[in-house]
Structure formats: C-alpha cells, structure tokens
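Visitor: Next input, structure requested:
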Amino acid sequence: QVQLVESGGGKVQTGDSLGLSCTASESIFSRHAMGWFREAPPGTERQFVATVTPSGGLWYGDSMKGRVTVARDNAKNIVYLQMHNLKPEDTAVYYCVASVAIPHTESGVAFWGKGTLVTVSS
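Guide: Okay, here's the model as predicted:
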C-alpha cells in the first residue's frame, strides 16, 4: 500500500522557519524522487516546491527557491522540507509527492500525500 504521510505543518509568523517531514512507504521511496508541492489558495494549480532524487539530486521550483532546503533519509524513508524566512504568501497546503522524474507540474506526480497546512501570519 502506497502511503505518504506529512507532518510538521502549523502556524508561524513572518520571518520564521518551519520544517516539514514526510514518511513514505518503502515500496515507493527508494524508486522515486521525493518532494513537495503546495496549493494556495484552495482549488488553484499546485506549485512545485522542491524534490530530491534517490541519488540525492536536488531540484527547486521558483516559488520558494533560496528559502527552502529539501533532503531525504533513505534509511528511514523520510523526506524533509526546511523553510526559512516565511512570508504570508507562503500560506498553503503542502503536499508530499513521489515521482518517477522531476515533477515540474502536477501531471508529473505519481503519488500524493494528503497535505499539511502551513499558515504564515504577518
């Protein structure tokens, strides 16, 4: 059974840092690039944030480039997203994703988590 379970969302203030994590089922973690998308406001196209390949290659989307770091722990099947200098416009639901290739758009994603809400207040 494929599972992607996010944790770490919450409410922060402008300028704060926040870390997200996602635990994935072993059946997909080792074979997929793991990363993050976000959706804001609800119902809009989800934006690519970052991804890391099984070999450690890093890719970042324009939406948060320079303020986020993605990493994966292949022994624990966990992917992380560390966000810095958060802004109110970063308020969104953040989704953990697994993909075969680099998923610059939603169509490139093979599996989705349920999402975790990050709210940044001014």
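
Visitor: Please tell me how far the residue lying closest to Ser25 once chain neighbours are set aside sits from Cys96.
Guide: Counting by CB to CB, 6 or more residues apart in numbering, Ser25 lies nearest to Gln3, which is 4.6 Å off, once chain neighbours are set aside. All C-beta spots, glycine's among them, are computed from the backbone N, C-alpha and C. Separation of Gln3 from Cys96 (CB to CB, to the nearest Å): 10 Å.

Visitor: that older thread, hmm, the residue nearest to Ser25 is touching Cys22, no?
Guide: No - using CB atoms under 8 Å, Gln3 makes no contact with Cys22, being 9.9 Å away.

Visitor: In this structure, which residue is most central in space?
Guide: For the chain, Trp36 is the residue whose C-alpha lies nearest the centre (CA atoms, centre = their mean; 2.1 Å).

Visitor: so it sits right up against Tyr94, yeah?
Guide: Yes - under the criterion of CB under 8 Å, Trp36 makes contact with Tyr94 at 5.7 Å.

Visitor: Spit out the residues that contact those two alike.
Guide: 20, 49, 81 (CB atoms under 8 Å, 6 or more residues apart in numbering).

Visitor: Just the buried subset of these, please.
Guide: Buried subset of these (neighbour count, 16 or more other CB atoms under 10 Å): 20, 49, 81.

Visitor: out of those, who's nearest Trp112?
Guide: Checking the buried ones among the shared contacts of Trp36 and Tyr94 against Trp112 with CB to CB, the nearest one is Val49 at 13.3 Å.

Visitor: If anything else comes up later, I'll come back, but that's it for now.
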